[in-house]
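Engineer: Please find the sequence and the predicted model below.
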Amino acid sequence: MFLKAYDFFVKEAKKIVQKPNDAEYPFWAAADPKTALSGGGGFLIRLKVPKDKVIFFDKKKWNQILNLSYIADDQEDLKKHKKNFKKVWNY
């Protein structure tokens, strides 16, 4: 399931930043050193990467994708989605 999301990301990311030939998946890094080790222990490595080689994205939205959650365009869209969800699933 996760590979489907990661494969989609890789496909779309190629439209923004050229992928190295020998890379299968991107290197994930935190832009903010304060949150870089939020998952537990480890090491902090500072990288210098040209901005035109980096894709910044919303970590919360990426987690929504991995959790197969709906990502609404706005509050009205979210309301419509919830209403439709309840109707379809008798929830």
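Structural biologist: That came through, no problem.
Engineer: Show me where this protein dips below the pLDDT cut-off.
Structural biologist: 39-40 (pLDDT under 70).
Engineer: Assign the residue most central in space within the chain to helix, strand or coil.
Structural biologist: Centroid-nearest residue in the chain: residue 62, 2.8 Å away (criterion: Cα atoms, centre = their mean). When classified by DSSP: H, G, I helix; E, B strand; the rest coil, residue 62 comes out as helix.
Engineer: Next one: it from residue 56, what distance?
Structural biologist: For residue 62, the distance to residue 56 equals 11 Å [Cβ to Cβ, to the nearest Å]. Every residue, glycine included, has its C-beta placed from N, CA and C.
Engineer: who touches both of the two?
Structural biologist: Common neighbours of residue 62 and residue 56 are not found (criterion: Cβ atoms under 8 Å, 6 or more residues apart in numbering).
Engineer: Scan this structure for its longest helix.
Structural biologist: helix 75-89 (DSSP state H).
Engineer: neighbouring contacts of that helix?
Structural biologist: 70, 72, 91.
Engineer: which residue packs closest to the second one, ignoring adjacent ones?
Structural biologist: Put plainly, it is residue 72. Excluding its sequence neighbours, the residue lying closest to residue 72 (Cβ to Cβ, 6 or more residues apart in numbering) is residue 78, at 3.7 Å.
Engineer: Now find how far off-centre stretch 63-74 is within its chain.
Structural biologist: Offset of stretch 63-74 from its chain centre (Cα atoms, centre = their mean, to the nearest Å): 10 Å.
Engineer: With just CA atoms, put it into PDB.
Structural biologist: What follows is stretch 63-74, C-alpha atoms only, in PDB (Å, rounded to 0.1, in the frame of the first residue of the first chain):
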ATOM      1  CA  ASN A  63       0.700  11.400   6.300                       C
ATOM      2  CA  GLN A  64      -2.900  11.800   5.100                       C
ATOM      3  CA  ILE A  65      -2.000  10.200   1.800                       C
ATOM      4  CA  LEU A  66      -0.200   7.300   3.600                       C
ATOM      5  CA  ASN A  67      -3.300   6.900   5.800                       C
ATOM      6  CA  LEU A  68      -5.500   6.900   2.800                       C
ATOM      7  CA  SER A  69      -7.300  10.000   4.100                       C
ATOM      8  CA  TYR A  70      -9.200  12.400   2.000                       C
ATOM      9  CA  ILE A  71      -7.400  15.700   1.300                       C
ATOM     10  CA  ALA A  72     -10.000  18.500   0.900                       C
ATOM     11  CA  ASP A  73      -9.500  21.600  -1.200                       C
ATOM     12  CA  ASP A  74     -11.200  23.700   1.500                       C
END
